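In: Give me a 3D structure for the following:
(one chain, ligands or ions: 1)
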Amino acid sequence: MLEREFQEIYGKINLLMKKALENSAHPYRTFSLASLDKEMPKLRTVVLREFSFENSFLDCHSDIRSPKVIEFKKNNKFSALFYSSEEKIQLRFNGKVEIFHNNSITKKRWKFITPSSKRCYMGPFSPSDHLEEYHSNIPENFKFENPSKKESDRGYENFVVIRCHFDELDYLKLKYSGHLRCKLLFENENINGVWLAP
Ligand SMILES: Cc1cc2nc3c(=O)[nH]c(=O)nc-3n(C[C@H](O)[C@H](O)[C@H](O)COP(=O)(O)O)c2cc1C
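Out: Below is the predicted model of the structure:
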């Protein structure tokens, strides 16, 4: 059982994450997601697509061909970093990733993705492929058109949900009167809090 101050922090984070899911301009709407490529940490910005404290996970979407998915398949440990300069709150989640591909979760998500976002998954190249020429291949009179059903189905084949199951959350609130830092530990149904030196 969390003591009162930890419960307040939990409630605050829950509210901020809910707002981030509703508002694309919210500072927590995007975050830095880290994987490990052999010994080397790799970071990239991704969009928050789902968050659940009850089930201790957060989601982002990606392309199965991307290096991050390949890295997570080899080593599923992740770190995810959020910062809001308005709130002066940094959140660092750690845990293990699960990749969903062509299952009931991805099917449901795909239905709510806008046609322009679906386009991201339909490119002939794998994300991060080396390209000799790119801009010169875009016709000047290029006009965006919604993808056909066939194109959309092809995009779905590349679409994955990266589910980040967190077991640890490092919370840091910057304050003039003294910074506040704690760690929330998630173990099965239990959540425990410990105070840390900021
Ligand atoms: C604001 C912003 C949001 C992004 N959101 C995503 C995202 O949700 N999923 C994704 O795969 N890439 C996203 N990207 C691109 C990644 O940061 C990254 O460049 C790309 O996915 C290739 O990463 P990788 O080579 O590590 O796999 C985003 C980039 C920016 C700048």
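
In: In the helix or strand that A20 is a member of, which residues are buried?
Out: Taking DSSP states H and E as the definition, A20 sits inside helix 4-22. Using 16 or more other CB atoms under 10 Å as the burial criterion, the residues of helix 4-22 that qualify are 6, 9-10, 13, 16-17, 20-21. From N, CA and C alone the C-beta is placed, and that goes for glycine too.

In: Can you name the residues of the chain that neighbour the ligand?
Out: With CB under 6 Å from any ligand atom as the criterion, the chain meets the ligand at residues 30, 42, 44-47, 60-62, 66-68, 127-128.

In: Throw together a PyMOL command that grabs the buried residues out of the residues you listed.
Out: Selection of the buried residues among those in PyMOL, burial being defined by 16+ other CB under 10 Å:
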select buried, resi 44+46+60+61+62+66+67+68+127
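
In: related to what we said a few turns ago, quick one: distance of the helix or strand just after the helix holding A20 to the chain centre.
Out: With elements assigned by DSSP H and E, the helix or strand that comes after helix 4-22 is strand 30-37. Distance of strand 30-37 from the chain centroid (CA atoms, centre = their mean, to the nearest Å) equals 8 Å.

In: by how many degrees do strand 30-37 and helix 4-22 diverge?
Out: Orientation note: strand 30-37 sits at an angle of 100 degrees relative to helix 4-22 (axes from the mean of the first three to the mean of the last three CA atoms, to 10 degrees).
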